[in-house]
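In: below are the sequence and a predicted model for it; my questions follow.
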Amino acid sequence: MIAPARPAFSSDSVRLVEVGPRDGLQNEKSYPATDVKIELITRLAAAGMATIEAGSFVSPRRVPAMADTGDVMRRLPIMPDVSLPVLVPNMRGLEQAMLAGCREIAVFLSASEGFSQRNIQCSIQESRARYIDVIDAALVAGLRVRGYISCVVRCPYDGDVPIDKVVQVAQWLLERGCYEVSLGDTIGAGTPAHIRALLQACAATMPVTQLAGHFHDTYGMAVANVVAALESGVRVFDTSVAGLGGCPYAKGASGNVASEDVVYLLRGLGMQTGVDLPALVETGAFISQALGRATASAVGRALS
Ligand SMILES: CC(C)(COP(=O)([O-])OP(=O)([O-])OC[C@H]1O[C@@H](n2cnc3c(N)ncnc32)[C@H](O)[C@@H]1OP(=O)([O-])[O-])[C@@H](O)C(=O)NCCC(=O)NCCSC(=O)C[C@@](C)(O)CC(=O)[O-]
């Protein structure tokens, strides 16, 4: 009998970074109350998500949905085995994060000028200068720092983004002390061939093990892009329960790849995530109901 072909990555562990409570909710006009956010994060943790991005300390005028991040952090039950990173755009954000007891922050840069200007009101160069002090201060205080790059494939303002621009920003973030860099396909324009080429270019100068895939699903390519990234050696993915999300500065971009869909994919490949799929599907149903809409996860729909 011929043994079924097994993919080279079978049985490896994959770390998922659940970004639903931040990336998923930041764009919501009628965003949920603080209690609902706390229940969402608690349910995600109970389902086995070990890293949950809990919110962001950004301008509440620009992103009102995240204005209660301090309250969320302070009122969450103690979950010693769960990392709860928060997004921080500047020193003020870092100070607020530290006051709220955060142990991990994420800094976010863009690979395209147009998105950088709209998202954080400064150029890529200025954002690097701003972040030097933020990253240094966070590391001195013993916080872990994760880096994000937006628009690694295409920018809603500038069009296609050259791969070498992405590589430069990723190198800079790792050199400054980020333990990992998440590659954000902000408008979900990437295809597997492009993701492979991007990761191949990155791999020439940095360990692929320090990169994460952050794929939005606007064109329905996100799960295929996860597979392409897995084949290229990536073992960390940002996912969003119920496929929640979108970016306030990338009009029309849909949510992140759904956590349920990625857990189902990885389980089918024999890879470990530590996530309980039925509990995750229930959590997706919970937040979809709270937002008054159907889940964007195909697996969530199939299993509900
Ligand atoms: C970066 C700034 C602050 C610059 O904004 P600015 O206008 O240049 O800064 P400013 O220093 O002049 O401050 C503007 C206002 O924000 C306040 N402010 C200033 N800093 C803070 C702070 N930390 N916390 C709370 N408030 C703050 C400040 O006090 C002031 O208040 P006002 O006088 O208008 O009432 C602003 O542009 C901003 O907050 N942008 C938020 C952008 C954002 O959150 N975008 C979404 C996240 S990124 C993303 O989704 C992509 C990602 C990561 O998921 C990956 C991907 O898919 O691509």
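Out: All right, it came through fine.

In: what segments of the stretch 151-300 of the chain are strands?
Out: 154-155, 159-160, 180-185, 211-215, 236-239 (DSSP state E, counting those that start in this stretch).

In: what about the longest helix in this structure?
Out: Secondary structure of the chain per DSSP state H: the longest helix is helix 124-140.

In: any residue of it touching the ligand?
Out: No - residues of helix 124-140 contacting the ligand under C-beta under 6 Å from any ligand atom: none, with a closest distance of 8.3 Å. Any C-beta I mention is one placed from the backbone N, CA and C, and that applies to glycine too.

In: relative to the whole chain's centre, how far out is that helix?
Out: 20 Å (C-alpha atoms, centre = their mean, to the nearest Å).

In: check which element follows it along the chain.
Out: As assigned by DSSP states H and E, the chain's next helix or strand after helix 124-140 is strand 144-150.

In: burial of Ala224, as a residue count?
Out: Ala224: 18 surrounding residues under other C-beta atoms under 10 Å.

In: flag the shaky bits of the chain, pLDDT-wise.
Out: Along the chain, the model assigns pLDDT under 70 to residues 1-11, 246-248.

In: quick check: residues of it near the ligand?
Out: So far as C-beta under 6 Å from any ligand atom goes, the chain lies against the ligand at 23, 26, 56-63, 87, 89-90, 92-93, 96, 108, 119-121, 148, 150, 184, 186, 214, 247-249.

In: restricted to buried residues, select those in ChimeraX.
Out: In ChimeraX syntax, the buried subset of those is picked out as below (16 or more other C-beta atoms under 10 Å):
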select :23,26,56,57,58,59,63,87,89,90,93,96,108,119,120,148,150,184,186,214,247,248,249
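
In: which of the residues of the chain next to the ligand fall in helices?
Out: The helices, defined by DSSP H, take in 92-93, 96, 119-120 from the residues of the chain next to the ligand.

In: tell me which two in those residues are the farthest apart.
Out: Maximum pairwise distance in those, criterion C-beta to C-beta, is 18.8 Å, between Gln96 and Asn119.

In: between the ones in helices among the residues of the chain next to the ligand, which is closest to Pro80?
Out: Using C-beta to C-beta, these come closest to Pro80 at Gln96, 22.6 Å.

In: need the contact list for the spatially closest residue to that closest one that is not a sequence neighbour.
Out: Among residues not flanking Gln96 along the chain, Phe57 sits closest, at 4.3 Å (C-beta to C-beta, 6 or more residues apart in numbering). Phe57 makes contact with 66, 69-70, 86-89, 92-94, 96-97, 100, according to C-beta atoms under 8 Å, 6 or more residues apart in numbering.

In: tell me how many other residues crowd the closest residue to Ala224 other than its chain neighbours.
Out: With sequence-adjacent residues excluded and distances taken as C-beta to C-beta, 6+ apart, Ala224 is closest to Pro192, at 5.0 Å. Number of residues near Pro192 (other C-beta under 10 Å) recorded here: 17.

In: and Gly159, what are its bridge partners?
Out: For Gly159, the beta-bridge partners are Cys155 (DSSP bridges).

In: and the gap between it and Asp217?
Out: Distance of Gly159 to Asp217, given as C-beta to C-beta, to the nearest Å: 20 Å.

In: please apply the same query to Asp160.
Out: In terms of C-beta to C-beta, Asp160 sits 19 Å off from Asp217.

In: okay, the two: which has more neighbours?
Out: The neighbour comparison of Asp160 against Asp217 (other C-beta under 10 Å) goes to Asp217, with 23 against 12.

In: ok, the more buried one - contacts?
Out: Taking C-beta under 8 Å, 6+ apart, we find Asp217 in contact with 188, 223, 243, 254-258, 296.

In: got a markdown table for the residues you listed, with neighbour count too?
Out: Output for those, formatted as a markdown table (neighbours: other C-beta atoms under 10 Å):
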| residue | neighbour count |
| --- | --- |
| Gly188 | 24 |
| Val223 | 19 |
| Gly243 | 27 |
| Ser254 | 20 |
| Gly255 | 26 |
| Asn256 | 31 |
| Val257 | 31 |
| Ala258 | 30 |
| Ala296 | 24 |
